[in-house]
Every structure is written in structure tokens, then in C-alpha cells.
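Participant: Generate a structure from the sequence data that follows.
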Amino acid sequence: MQIGIIGCGYVADFYMPTLVNHPELVLAGVYDREPERRAAFCRHYRARLRQSGGAAG
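Facilitator: Next up, the predicted model:
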């Protein structure tokens, strides 16, 4: 199942480490309305950058 992270703030940092415990979940994209925070989150977690709020996948 593909999932997306909407909002790269405090709570998103709790979600990312738990993904390794759920191999059936695939991070399809990440979005945050603040470009700097979104880019930093993607660099840190090596996640795919989402440019719009559209559906992941």
C-alpha cells in the first residue's frame, strides 16, 4: 500500500522510523506547504518530494 506524508512537522518524524516495521507500506511522496521544511525532511529521510497536494502514487 502506498502512503503519503502530508505535513513534515513534529509528528511526521515519529511516523518515519516505524515504516521499517511495516514492509507492506511504501512511502509514495511527501508534501509540506513550507518548501524549506519539505526539502529538509526529504533529504534527511531520502524521501520523494511531492510538489503539489495531489494524490500520492
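
Participant: check contacts around Asp32.
Facilitator: Under the criterion of Cβ atoms under 8 Å, 6 or more residues apart in numbering, the neighbours of Asp32 are 6-9, 38, 41. Backbone N, C-alpha and C define where each C-beta goes, glycine included.

Participant: what's it sitting at in phi/psi?
Facilitator: Asp32 adopts backbone torsions of phi -150, psi 140, taken as degrees, to the nearest 10.

Participant: Same check on Gly9?
Facilitator: Listed backbone geometry of Gly9 is phi -90, psi -160, with angles given as degrees, to the nearest 10.

Participant: ok, back up a step: which of the contacts of Asp32 has the largest number of neighbours?
Facilitator: If you count neighbours using other Cβ atoms under 10 Å, the busiest of the contacts of Asp32 is Cys8, which has 24 neighbours.

Participant: quick revisit: with respect to Leu25, which of the contacts of Asp32 is nearest?
Facilitator: Ranked by distance to Leu25 (Cβ to Cβ), the contacts of Asp32 are led by Ile6 at 15.0 Å.

Participant: Report all helices and strands that the helix or strand containing Glu36 contacts.
Facilitator: Assigned by DSSP states H and E, Glu36 belongs to helix 35-45. Using 3 or more Cβ pairs under 8 Å, 6 or more residues apart in numbering; DSSP states H and E as the contact criterion, the elements in contact with helix 35-45 are strand 26-31.
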